[in-house]
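Peer 1: with the input below, show me the fold.
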Amino acid sequence: MDENQNITRISNNGKEYILVGTAHVSKHSAEQVKEVIEKEQPNAVCIELDEQRFQAIKDDNRWKNMDIFQVIKEKKATLLLMNLAISSFQKRIAKQFGIKAGEEMIQGIKSAEEIGADLVLADRNIQITFARIWGGVGFKGKLMLLTQVIGGVFSKETISEEDLEKMKSQDSIHSMLSEFTETFPRLKKPLIDERDQYLAQKIKEAKGEKIVAVLGAAHVPGIMEEIHKEHDLKALSTVPPKSKWPKIIGWSIPFVIIALMTYTFMANPVAGWQQVTSWLLWNGGFSALGVILALGHPLAVLTALIAAPITSLNPLMAAGWFAGFVQAYVKKPQVSDFETLSEDVFTVKGFWKNKVTRVLLIIVFANLGSSLGTIIAGTDVIRLFIDNL
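Peer 2: Residues are numbered from 1 along each chain as shown. Below is the predicted model of the structure:
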C-alpha cells in the first residue's frame, strides 16, 4: 500500500500495477488521478468503464438525438432505465458538491491521451452485469429491484461530506443498490466479485511494465486478491440461460382460463358469454382507467381498453407496452427528456408533464390495471364455471 491510502501498488510477474481508488463524485479523486498518471508515466491506463459508458462520456449529445422507439426495439429500455437511475443518483450528488459525475474517469482518459499511454476499458459490459443480476432473483426480487431503481431516480435525498467519504468505499452501482443487496446477498457475486475478477484480468492483460488503473475504491481489495489469479473473460461475459418455469406458469394461467370458458360455453352458453363479458370489461376497463389516471392521450386509453383482454392471455405481451407505444407515438419523447427527469420529478406537475415519465406512468398504470382486472375477471370466470358444473 502506498503512503496515500487511496493508492495501492502491486508487483506481479515483472509488472507494476498502481491502483487509484476513487469516489465517482469526488473532485479530489479526479485531481489525484491526474497527479498519479503524470508522475508515474505508465505504459497503459485502465479505467472502470465499458465501451458503452465510454462512448456516453465522449459524446454527451448522443442521447439527445436517440430514437426512443429504436431503444425499445433493440430491447435496451431496461438498460436505459438502469443507466438513468445510476446517472441520476450520481449527478444529483455531484450537483450538490459542484462537481461533475465521473470526472475521475474523464481525467483518466485525458491524461492517458496526453502522455501517449494505451487506454484500456477494463469493466464488463453493464448490460451483462444487469442481466446476471436479473437472472439471480425471483419475481419478488425483480419487483424490489425495479422499485429501488425508480426510487433512486426520484429520491430528493442529499448527503453530507461524511457520507461522500463513505461512498469512496462503495462501487457506484453498489452504493445505489446497497439495500437491495442486503436483502439478496448472493447478488454481491455478479455486482462486485465477478467485476473484480473481470477488472483484474483486463488490468493484467494491459500492455507494458507499468499500469495505472482508475477504479472505484470498492474494487481495490478484490482486485488486489484476484490479480494473482487467472480468469476466463468469456465465461464472465456469458448471460445465464433463463429458467423455463416462469414461462410454463405464464402460459398455464391463460390456458386454464380459456379451458374454463370453453367448458362453460358448452355447458351453458349464456354463462359463457357472461365470462367473456366479465373478462373484457374488467381487464379493459381497469387498464384504460390506469391510462386515464396517468393523463394519457385518448388513443392510448382506447388502446389499453382493447389490448388488455388480449394481452392478459399472452405472457409475451402487456397492455402497458401498447398503450405506452401509442402515447410515445402521439406525444413522442426525445431522450433529451431523460436529462431533465431528475428535476421534473421533484414536483407532481413536473412528473406528469415530462414526456418520458408520462409514458412510464401509462405503462405502469395500464399494466397494474390489467393485472387487477385479470384477478377480478379470473375469479368471476372460475365462479361461473363452478356454478355450471
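Peer 1: just the buried residues of stretch 256-271, please?
Peer 2: Going by neighbour count (16 or more other CB atoms under 10 Å), the buried part of stretch 256-271 is 257, 260-261, 264-265, 268, 271. Placement of C-beta: from N, CA and C, glycine included.
Peer 1: whichever helix or strand Ile375 is part of packs against which elements?
Peer 2: Using DSSP states H and E, the element containing Ile375 is helix 355-387. The helices and strands touching helix 355-387, judged by 3 or more CB pairs under 8 Å, 6 or more residues apart in numbering; DSSP states H and E, are helix 245-267, helix 269-293, helix 298-311, helix 319-330, helix 336-339, helix 341-344, helix 348-353.
Peer 1: at 6 Å instead, please
Peer 2: helix 245-267, helix 269-293, helix 298-311, helix 319-330, helix 336-339 (3 or more CB pairs under 6 Å, 6 or more residues apart in numbering; DSSP states H and E).
Peer 1: out of those, which is closest to Leu121?
Peer 2: Leu121 lies closest to helix 336-339 among the helices and strands packed on helix 355-387, at 23.4 Å (CB to CB).
Peer 1: where does pLDDT dip in this structure?
Peer 2: For the chain, residues meeting the criterion pLDDT under 70 lie at 1-5, 24-27, 59-101, 135-187, 246, 335-336, 338-339, 341-348, 350-351.
Peer 1: and Pro240, its phi and psi?
Peer 2: phi -60, psi 150 (degrees, to the nearest 10).
Peer 1: equivalent analysis for Lys244, please.
Peer 2: phi -80, psi -20.
Peer 1: show me what contacts it?
Peer 2: If a contact means CB atoms under 6 Å, 6 or more residues apart in numbering, then Lys244 has no contacts.
Peer 1: and Lys242, what helix or strand is that in?
Peer 2: Here Lys242, judged by DSSP H and E, is contained in no helix and no strand.
Peer 1: please work out how many residues are found near it.
Peer 2: 11 (other CB atoms under 10 Å).
Peer 1: for Val20, see how far away it is.
Peer 2: Per CB to CB, to the nearest Å, Lys242 is found 38 Å from Val20.
Peer 1: check Ser278 too.
Peer 2: In terms of CB to CB, Ser278 sits 64 Å off from Val20.
Peer 1: between these two, which one's more packed in?
Peer 2: Per other CB under 10 Å, whichever of Ser278 and Val20 has more neighbours is Val20, with 27 against 19.
Peer 1: secondary structure class for the more buried one?
Peer 2: Under the three-state scheme (DSSP: H, G, I helix; E, B strand; the rest coil), Val20 adopts strand.
Peer 1: show me what contacts it?
Peer 2: Neighbour list for Val20: 7, 33, 36, 214 [criterion: CB under 6 Å, 6+ apart].
Peer 1: would you mind pulling the contact partners of stretch 227-241?
Peer 2: So stretch 227-241 is contacted by 128, 131, 135, 194, 197-198, 200-201, 204 (CB under 6 Å, 6+ apart).
Peer 1: so which two of those residues are the farthest from each other?
Peer 2: So, these by CB to CB: farthest apart are Gly135 and Lys204, at 27.3 Å.
Peer 1: and these two? which has more neighbours close in?
Peer 2: Set side by side, Gly135 and Lys204 show more neighbours around Lys204, with 20 against 13, by other CB under 10 Å.
Peer 1: next, give phi and psi for that one.
Peer 2: Dihedral angles (degrees, to the nearest 10) for Lys204: phi -60, psi -40.
Peer 1: so what's it closest to, chain neighbours aside?
Peer 2: Closest residue to Lys204 apart from its sequence neighbours, by CB to CB, 6 or more residues apart in numbering: Ile227 at 5.9 Å.
Peer 1: okay but Ala328 is in contact with Val356, surely?
Peer 2: No. In this structure, Ala328 is not within contact of Val356 by CB atoms under 6 Å, at 8.9 Å.
Peer 1: how is this structure partitioned into domains?
Peer 2: As given by automatic domain parsing, the domain ranges for the chain are 7-236, 245-387.
Peer 1: helix/strand/coil for Lys332?
Peer 2: Secondary structure for Lys332, judged by three-state DSSP, is coil.
Peer 1: and the gap between it and Lys234?
Peer 2: Where Lys234 is concerned, Lys332 sits at a distance of 40 Å (CB to CB).
Peer 1: how about Ala308?
Peer 2: Distance from Ala308 to Lys234, by CB to CB: 43 Å.
Peer 1: returning to what we had before: Arg383: which of the helices and strands packed on helix 355-387 is closest?
Peer 2: helix 269-293 (9.2 Å).
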